[in-house]
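Visitor: I would like to see how this sequence folds:
(chains A and B)
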Number of protein chains: 2
Amino acid sequence: MAETEDEVVERDEDEYSLDPRVVDSILDAVETGDAAAIDALMEPLHAADIADLLEQIGSAERADLVRLWSKGIDGEILSELDESIREEVIEALPHDVLTEAVRELDSDDVVDLIEDLEEPQQERILGALPEGERAAVEQSLTYPEYSAGRLMQREVVTAPEHWTVGEAIDFLRNAKELPDQFYHMILVDPRWHPTGYVTLGKLLSSKRAVKLTDIAEESFRTIDVLEEEGDVAYAFNQYHLISAPVVDADERLVGVITIDDAMAVLDEEHEEDILRLAGVGDGSLSDSVAETTKQRLPWLGVNLVTAILASVVIAQFERVIAQIVALAVLMPIVASMGGNAGTQALTVAVRAIATRDLTGSNMWRVVRREATVGLFNGVIFAVVMGVVGWFWFGSTMIGVVLAAAMVVNLVVAGLAGILIPVALEKAGVDPALASGAFVTTVTDVVGFFAFLGLAAMVLL
Amino acid sequence: MAETEDEVVERDEDEYSLDPRVVDSILDAVETGDAAAIDALMEPLHAADIADLLEQIGSAERADLVRLWSKGIDGEILSELDESIREEVIEALPHDVLTEAVRELDSDDVVDLIEDLEEPQQERILGALPEGERAAVEQSLTYPEYSAGRLMQREVVTAPEHWTVGEAIDFLRNAKELPDQFYHMILVDPRWHPTGYVTLGKLLSSKRAVKLTDIAEESFRTIDVLEEEGDVAYAFNQYHLISAPVVDADERLVGVITIDDAMAVLDEEHEEDILRLAGVGDGSLSDSVAETTKQRLPWLGVNLVTAILASVVIAQFERVIAQIVALAVLMPIVASMGGNAGTQALTVAVRAIATRDLTGSNMWRVVRREATVGLFNGVIFAVVMGVVGWFWFGSTMIGVVLAAAMVVNLVVAGLAGILIPVALEKAGVDPALASGAFVTTVTDVVGFFAFLGLAAMVLL
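Guide: Reported below is the predicted structural model:
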């Protein structure tokens, strides 16, 4: 059974993502300049996989591949490309290829494509669009970055509220141009306010005489065009939406967001959270050494300040350490355990804030829980470390001091781990970004101070 | 402008998630036993929000609320509830309420509801189902946990390949029972192999005489029923799938997975990654103190072992420290900077492995990049710390030793941060779970050893 499962996994990895062997074969073909082999190898690949391929290879090979491949980069591949590489690829494209690539995209994809580009490149792409679409894209760009307005697609399929199923079907059958993907017909009143929606499944399975309002979905939510995209993704996930109408300040329909875009946002938000928790900023594997060094530097700088703070605390106890060197040997253990316990608590808190599970209603219950958990784990590890310290250095009192400092630091770690993210959130700072530095400072300072301070009182 | 945006955010937070003021009002009503007020307050809430409410309040209040609320828990709320609380709520439900709640659910939701329950509770729910549905659920439960088979819904809408649009529409209009949500008709050959699919939008906008094969989607992917659900979510996100047919080992259609379920899995996988990176296991805010203590203990235990290892390294240099106490003051800085740089690199690596961006093809380029970034940041912080060490303790040599140790440890941190997750992944261990412990051990040990070792050589 285990073997069969392994086989399945093996096969599926090949099926679902870019196969490294294919990448190697393509790189070989690029090296020998074998354009026919490149065409044959690239043919079966999905645009998303081609984008991954371009991200994974070096920039010289990338340039050669783009030059040798006869089919060439299309709009879909451009959309899938990581920003850092997108600019480079767009710059290398001849004007006619770029024009064709961009013209095949829906308006929301063009917006997504150009919003992070430099001005001249934006202009180049906007210039490649037909007049009408250019205006639509420019309109979308007037909404704030990361808002629903940027995410939505402007092509909507609507029906007046009073229509019947038959009227709706006749309309759809005669419509000249419909969006590539749509799942609902949005019901609108005469002032263009959305009042409900009908799934295409219901439309197809109902008699022609049935009124649309009778088969409209029970739960119906509109999204404000200024809504932050992270909140949009949350709403899709929380309420199992498939598509949702977007409205302006007057509650008038201006576009529609579909779940695939919401899923992409959810994925990006998670990436951001994970990377921010580790102090990495918005890094990606295809960033250059210089960019990566710059991204990592600020958090290392913050960490240096907190580490120096901890050292200042230690420096207060130089005299004690000089007399009992065992303290220098053992003190990192207290700080390290506190740092870990604090990171555990803060990660749970940051995640719970992101999923709206940690609110004013349960905050004090959660704080109490974290403090109690810190106390329990503190006592458990205090006993362990007390015994270790005692055996190692043959001094009961060192064991006792170590144990007491451990309890203090783990309780503080639990409290800091929950209170600091909550306070940052209240202050309007992203808790994922800044909590780590604060919590570690607290656990380092408290850890060294409790351990060395107790030692100074008890052992000298 | 900024003010307007703030207002929007304010309003939307009320709209998109459970309002803490509503929770407080409900808790007040529970306390006074005011059933009418509870009914009125609960009426507008979505099932997902009711589930959140039940998770956020204490267990005594939860029991009272469930007892007082006249509408009562339905199947949808049960589906949304966190596991830890689901069991408690199900146990409290009278048999007829539970029966009614479960009968309204689709087969995939029932599977999701009962797969983590204890045997007697599973039996209780299975017993509440009609014979046919019970068999379907039991069939699904034969697939491995976290497989596509558990995720899929067995109700599928199919059409023979040779049908026309007209035939398909007539079939749908006369069908007795169709799934609540469906977005495609799956084309099948006579042996029940899926060969393509048609979106309902295309079906509605095409003439009756058009053949279904002529309007089938270009890209078409099936999912193996044994596929791991994380890979399913990846495929949906990577290839922008809305729904995908699930096939057995003989490539025969057995069900369909829709994007909303894939999105929920994506969300869970991210949660798992974030929590595992912090060594928290599968914790949730509604877990009890005892459960939480137990979840956090193993990683703290591992960390204790690595911390003791680091202390053993320090102990080798007791003689040096006794002579120059400044070393004890400064040594945590080197270890701490290494730990942070290592965490940065490993987080990027773990994330890149999860998104299939780090593969055999680009691995050595990434390793080189991390080492170079470590070197650059190492040199920058070496200069800073060399100067700090020199000023603080008035010794050039302490500054030089500190600087050299910093460079060594940041390069090692970059290398360990990328090589350790890759090695764990190759060995079949989840890199999110175990990388942290290994990387910190390396940076602690190397940090203390480099700093104190160099000091012993140079300063004594």
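Visitor: so where do the strands sit in the stretch 201-350 of chain A?
Guide: A:223-224, A:243-247, A:253-258 (DSSP state E, counting those that start in this stretch).
Visitor: List just the one of those that sits closest to chain B.
Guide: For the strands of the stretch 201-350 of chain A, the distance to chain B is smallest for strand A:223-224, at 6.1 Å, taking Cβ to the nearest Cβ. Every C-beta, even on glycine, is put in place using the N, C-alpha and C of the backbone.
Visitor: What mean pLDDT does the closest one get?
Guide: Per-residue pLDDT values over strand A:223-224 give a mean of 95.
Visitor: same thing with stretch A:146-156?
Guide: For stretch A:146-156, mean pLDDT rounds to 90.
Visitor: Redo the strands of the stretch 201-350 of chain A as CSV? Include distance to chain B and mean neighbour count.
Guide: What follows is these, written out as CSV (distance: least, Cβ to the nearest Cβ, whole Å; neighbours: other Cβ atoms under 10 Å in any protein chain shown):
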stretch, distance to chain B, mean neighbour count
strand A:223-224, 6, 24
strand A:243-247, 10, 24
strand A:253-258, 8, 24
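Visitor: Let me know the pLDDT of the closest residue to residue A:124 other than its chain neighbours.
Guide: What sits nearest to residue A:124 in space, not counting adjacent residues and going by Cβ to Cβ, 6 or more residues apart in numbering or on different chains, is residue A:98, at 7.1 Å. Looking at residue A:98, its pLDDT reads 85.
Visitor: which ones are touching residue A:98?
Guide: By Cβ atoms under 8 Å, 6 or more residues apart in numbering or on different chains, the contact set of residue A:98 is A:90, A:124, A:125, A:128.
Visitor: and the third one, what does it touch?
Guide: Residue A:125 sits next to A:90, A:98, A:102, A:110, A:113, A:114, A:117 when contact means Cβ under 8 Å, 6+ apart.
Visitor: Select from the residues you listed every entry located in helices.
Guide: In helices, defined here by DSSP state H, the members of those are A:90, A:98, A:102, A:110, A:113, A:114.
Visitor: So which of the residues you listed is the closest to residue B:396?
Guide: Proximity of these to residue B:396 (Cβ to Cβ) peaks at residue A:90, which lies at 51.6 Å.
Visitor: So which helix or strand of chain A has the lowest pLDDT on average?
Guide: helix A:2-16 (a mean of 42; mean pLDDT, DSSP states H and E).
Visitor: Give me the next element, helix or strand, following that one.
Guide: As assigned by DSSP states H and E, the chain's next helix or strand after helix A:2-16 is helix A:20-32.
Visitor: Show me how chain A divides into domains.
Guide: According to automatic domain parsing, chain A comprises the domains A:14-143, A:158-277, A:289-459.
Visitor: for those domains, which one ends up most surrounded?
Guide: The highest mean neighbour count among the domains of chain A, using mean count of other Cβ atoms under 10 Å in any protein chain shown, belongs to domain A:289-459: a mean of 22.
Visitor: mind checking the end-to-end distance for that one?
Guide: One end of domain A:289-459 to the other measures 50 Å (Cα to Cα, to the nearest Å).
Visitor: Any chance you could give me stretch A:295-304 in CSV, C-alpha atoms only?
Guide: Output of stretch A:295-304 as CSV, limited to C-alpha atoms (Å, rounded to 0.1, in the frame of the first residue of the first chain):
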residue,chain,number,x,y,z
GLN,A,295,15.8,43.1,1.9
ARG,A,296,17.4,41.2,4.7
LEU,A,297,19.4,44.0,6.2
PRO,A,298,16.8,46.0,8.0
TRP,A,299,15.6,43.1,10.2
LEU,A,300,19.2,42.1,10.9
GLY,A,301,19.8,45.7,11.9
VAL,A,302,16.8,45.6,14.3
ASN,A,303,18.0,42.3,15.7
LEU,A,304,21.5,43.8,16.3
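Visitor: contact partners of that stretch?
Guide: Outside of stretch A:295-304, the residues within contact range by Cβ under 8 Å, 6+ apart are A:279-283, A:287, A:437, A:440, B:333, B:336-337, B:340-341, B:344, B:373, B:377, B:380-381, B:384-385.
Visitor: again, 7 Å this time
Guide: Stretch A:295-304 is contacted by residues A:279-281, A:283, A:437, B:336-337, B:340-341, B:344, B:373, B:377, B:380-381, B:384 when judged by Cβ atoms under 7 Å, 6 or more residues apart in numbering or on different chains.
Visitor: Looking at pLDDT only, which of those scores worst?
Guide: Within those, pLDDT is lowest for residue A:283, at 73.
Visitor: residue ranges with poor pLDDT in the stretch 151-300 of chain A?
Guide: Applying pLDDT under 70 to the stretch 151-300 of chain A flags no residue at all.
Visitor: where exactly do the helices run in it?
Guide: Under the criterion DSSP state H, counting those that start in this stretch, helices of the stretch 151-300 of chain A are mapped to A:165-174, A:200-205, A:229-239, A:259-277, A:289-315.
Visitor: in the stretch 301-450 of chain A, what spans have low per-residue confidence?
Guide: In the stretch 301-450 of chain A (pLDDT under 70), no residue qualifies.
Visitor: Show the contacting residues for residue A:449.
Guide: The contact partners of residue A:449, taken as Cβ under 7 Å, 6+ apart, are residue A:313.
Visitor: ok, now how distant is it from residue A:53?
Guide: The gap separating residue A:449 from residue A:53 is 53 Å, by Cβ to Cβ, to the nearest Å.
Visitor: Residue A:268 too?
Guide: In terms of Cβ to Cβ, residue A:268 sits 21 Å off from residue A:53.
Visitor: Same question for residue A:376.
Guide: Applying Cβ to Cβ to residue A:376 and residue A:53 gives a distance of 50 Å.
Visitor: what does residue A:297 give?
Guide: Taking Cβ to Cβ, one finds residue A:297 at 30 Å from residue A:53.
Visitor: Which stretches in the stretch 351-460 of chain A count as helices?
Guide: Assigned by DSSP H, counting those that start in this stretch, the helices in the stretch 351-460 of chain A fall at A:363-393, A:396-426, A:431-459.
Visitor: so does the first one get close to chain B?
Guide: Spelled out, that is helix A:363-393. Yes: using Cβ under 7 Å from any Cβ of the partner chain, a contact is recorded between helix A:363-393 and chain B, made by A:365, A:366, A:369, A:372, A:373, A:376, A:377, A:380, A:381, A:384, A:388.
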